[in-house]
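Q: generate coordinates for the sequence data below:
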Amino acid sequence: MHPPSESEHPAVTVRRLLREQRRAALGTLSAGSGEPYVSLAMVTVDHDASPVLLISDLADHTRNIREDPRVSLLFDGTVGLPVPLTGARATVQGRARCVDGDARLARRYVAHHPDAELYLGFKDFHLFRVEVTRVHLVAGFGRIHWLDGKEVLFDATGARALAEAEAEIVAHMNEDHADAVQLYAERLLGRTGGGWKLAGVDPEGADLVREGETARLWFDKPVHDAESCRVELVRLVKWARSLDREAGAGASG
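A: Okay, here's the model as predicted:
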């Protein structure tokens, strides 16, 4: 993630971090002793940007959460920057709640982490959703903010139709418009390699995956249902194709 602009609202910077990262440092309180414990967790986020985890009963952090659901998650957007401390990072505080029965969230998690599909069927793996209470953002030198969770999360109450249609949208794009998804990756996001797939859509954008890589495609404006999402995806592929034509013309010239 590139350093955020000076004019970007802190809450927007936090959501960009949450939506663009696929892993986080997970802080829990050790069962019994209450000592801080930090581990690595693979994450995705829901449509409102609430973090979602798939964790095993064999892991210490899961035992800790069972005893005390309070957690912290550090989302690090500084990787690859020449001066990491100029980049954005956010500590999300909240309570982890087991949501094993949420089939939609399970599909969304596996779409972003395809290797997790096997573990999702194991009885000792469980899906947790973090109810965000507070967020601490450091977006570079001197840009430090504490934010209320309600301020950071996207209000997705008006976009339930999109959440319900997400799996169908993703399947349609990957099966019938794989060329468009590839153009998103190459022309709009500057990614290389073939085989990019759409992993998910939410009110603010779409996520692409390829062999462990992820890429975030942001929408110009929020979408709330399948039709408004289709309109935005069509607009973006038209833009990508125009860039592709320009690149082809430049190569031939």
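Q: determine the longest strand present in this structure.
A: Longest strand in the chain, counting residues (DSSP state E): strand 125-138.
Q: parallel or antiparallel, which strands does it pair with?
A: strand 51-56 (antiparallel), strand 89-98 (antiparallel), strand 144-148 (antiparallel) (DSSP bridges).
Q: so which of the ones you listed gets nearest residue 237?
A: Closest approach to residue 237 among these (Cβ to Cβ): strand 51-56, 28.0 Å. In this view, the C-beta of every residue, glycine as well, is placed from N, C-alpha and C.
Q: nearest approach to residue 218 belongs to which of the strands paired with strand 125-138?
A: strand 89-98 (17.3 Å).
Q: got a list of contacts for the closest one?
A: Identification of contacts with strand 89-98 by Cβ atoms under 8 Å, 6 or more residues apart in numbering yields 13-14, 17-18, 24, 51, 53, 65, 69-78, 126-138, 149.
Q: for residue 220, helix, strand, or coil?
A: coil (DSSP: H, G, I helix; E, B strand; the rest coil).
Q: now do the contacts for it.
A: 232, 235.
Q: ramachandran angles for it?
A: phi -70, psi -30 (degrees, to the nearest 10).
Q: and it, how far from residue 46?
A: Residue 220 sits 22 Å away from residue 46 when distances are taken as Cβ to Cβ, to the nearest Å.
Q: same check, this time on residue 126
A: Distance, residue 126 to residue 46, by Cβ to Cβ: 16 Å.
Q: more crowded one of the two?
A: The neighbour comparison of residue 126 against residue 46 (other Cβ atoms under 10 Å) goes to residue 46, with 23 against 19.
Q: quick check, the more buried one in contact with residue 129.
A: Yes. The pair residue 46 and residue 129 passes the contact test of Cβ atoms under 8 Å, sitting 6.7 Å apart.
Q: so, low pLDDT: which residues of the stretch 101-250 of the chain?
A: 249-250 (pLDDT under 70).
Q: longest helix of this structure?
A: The residue-count maximum for a helix in the chain (DSSP state H) belongs to helix 226-252.
Q: how far does that helix sit from its chain's centre?
A: Distance of helix 226-252 from the chain centroid (Cα atoms, centre = their mean, to the nearest Å) equals 23 Å.
Q: repeat for stretch 50-68
A: Relative to its parent chain, stretch 50-68 has a centroid offset of 19 Å by Cα atoms, centre = their mean.
Q: tell me the contacts of the closest residue to residue 200 other than its chain neighbours?
A: Nearest residue to residue 200 in three dimensions, chain neighbours excluded: residue 207, at 4.8 Å (Cβ to Cβ, 6 or more residues apart in numbering). By Cβ under 8 Å, 6+ apart, residue 207 lies in contact with 19, 112, 198-201, 214-217.
Q: can I assume residue 134 is in contact with residue 150?
A: No. Using Cβ under 8 Å, residue 134 is not in contact with residue 150, being 9.9 Å away.
Q: how far out from the middle of the chain is stretch 192-209?
A: With Cα atoms, centre = their mean, you get 10 Å for stretch 192-209.
Q: start to end distance for it?
A: Using Cα to Cα, to the nearest Å, one end of stretch 192-209 lies 12 Å from the other.
Q: so for it, what gets flagged as buried?
A: 196-209 (16 or more other Cβ atoms under 10 Å).
Q: repeat that for stretch 222-238.
A: 222-226, 228-230, 232-233, 236-237.
Q: gap between the nearest residue to residue 144 once chain neighbours are set aside and residue 89?
A: Of all residues not flanking residue 144 in the chain, residue 138 sits nearest, at 5.3 Å (Cβ to Cβ, 6+ apart). Separation of residue 138 from residue 89 (Cβ to Cβ) stands at 6 Å.
Q: neighbour count: those two, which is higher?
A: Taking other Cβ under 10 Å, residue 138 and residue 89 do not tie; residue 89 has more neighbours (22 against 16).
Q: what bridges to that one?
A: Counting by DSSP bridges, residue 89 forms beta bridges with residue 76, residue 138.
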